[in-house]
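Engineer: Provide a 3D model corresponding to the input given below.
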Amino acid sequence: MIELGVPFSDPVADGQVIQRASERALVNGTTLGDVLKLAGSCGGCGLRLGDCLFLFESNSADGVGGVLQGGEEAGLDGALVTDCRWKRLGLYLAEMKKNELAPVFLAAPTSPEARLKRIAQASAGFVYAVARTGITE
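Structural biologist: Numbering: from 1, shown residues only. Modelled structure (predicted):
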């Protein structure tokens, strides 16, 4: 599986390496469109991706709409969107299905039992499990 991250301005849960990479990408003007273009070019670079190209999208100016509009065309299989509000879950899941993208949600050690059940029901393919509270590396 390959996870393509969209850079964002406040990656506080990420380690220093990811924080610096996001900062460099933003300084250089990287957008969701650029990441989708990169995803679309992966098919021609010799990789055998199958059903394993996912986008990690977090609170960008383009938001969920940008992922949905460009994701299938770019060859994505799904997306993990960390800022999806549960109140909008039905709309989000319908749009993901319409665009043939698998929705993936985060399950954290601090997630309440009721939320974990909703995450398991709403995710397709896999659940992105955060192993420990703190920062990612």
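
Engineer: Run through the strands of the protein in chain order.
Structural biologist: Under the criterion DSSP state E, the chain contains strands at 2-5, 53-57, 78-81, 102-104, 106-107, 128-129.

Engineer: Now tell me what touches stretch 117-135 from outside.
Structural biologist: 12-15, 51, 77-78, 80, 86, 89, 93, 96, 102-111, 136 (C-beta atoms under 8 Å, 6 or more residues apart in numbering). For the C-beta atoms, the positions are set from N, CA and C on the backbone; glycine is no exception.

Engineer: mind listing what's buried in it?
Structural biologist: 119, 122-123, 127-128 (16 or more other C-beta atoms under 10 Å).

Engineer: Now that stretch: average pLDDT?
Structural biologist: Across stretch 117-135, pLDDT averages out at 82.

Engineer: pLDDT below threshold where in the protein?
Structural biologist: Within the chain, the segments meeting pLDDT under 70 span 1, 11-13, 42-53, 55-72, 81, 83-84, 133-137.

Engineer: ok, now with 90
Structural biologist: Filtered on pLDDT under 90, the chain yields the residue ranges 1-23, 26, 30-111, 115, 124-137.

Engineer: Which helix in it has the most residues?
Structural biologist: helix 16-27 (DSSP state H).

Engineer: If you count contacts, what does that one end up packed against?
Structural biologist: Contact here means 3 or more C-beta pairs under 8 Å, 6 or more residues apart in numbering; DSSP states H and E; on that basis helix 16-27 packs against no helix or strand.

Engineer: Let's see that with 10 Å instead.
Structural biologist: When contacts are defined as 3 or more C-beta pairs under 10 Å, 6 or more residues apart in numbering; DSSP states H and E, helix 16-27 sits against strand 2-5.

Engineer: circling back: now do the buried residues in the longest helix of the chain.
Structural biologist: For helix 16-27, by 16+ other C-beta under 10 Å, it's 18-19, 22, 25.
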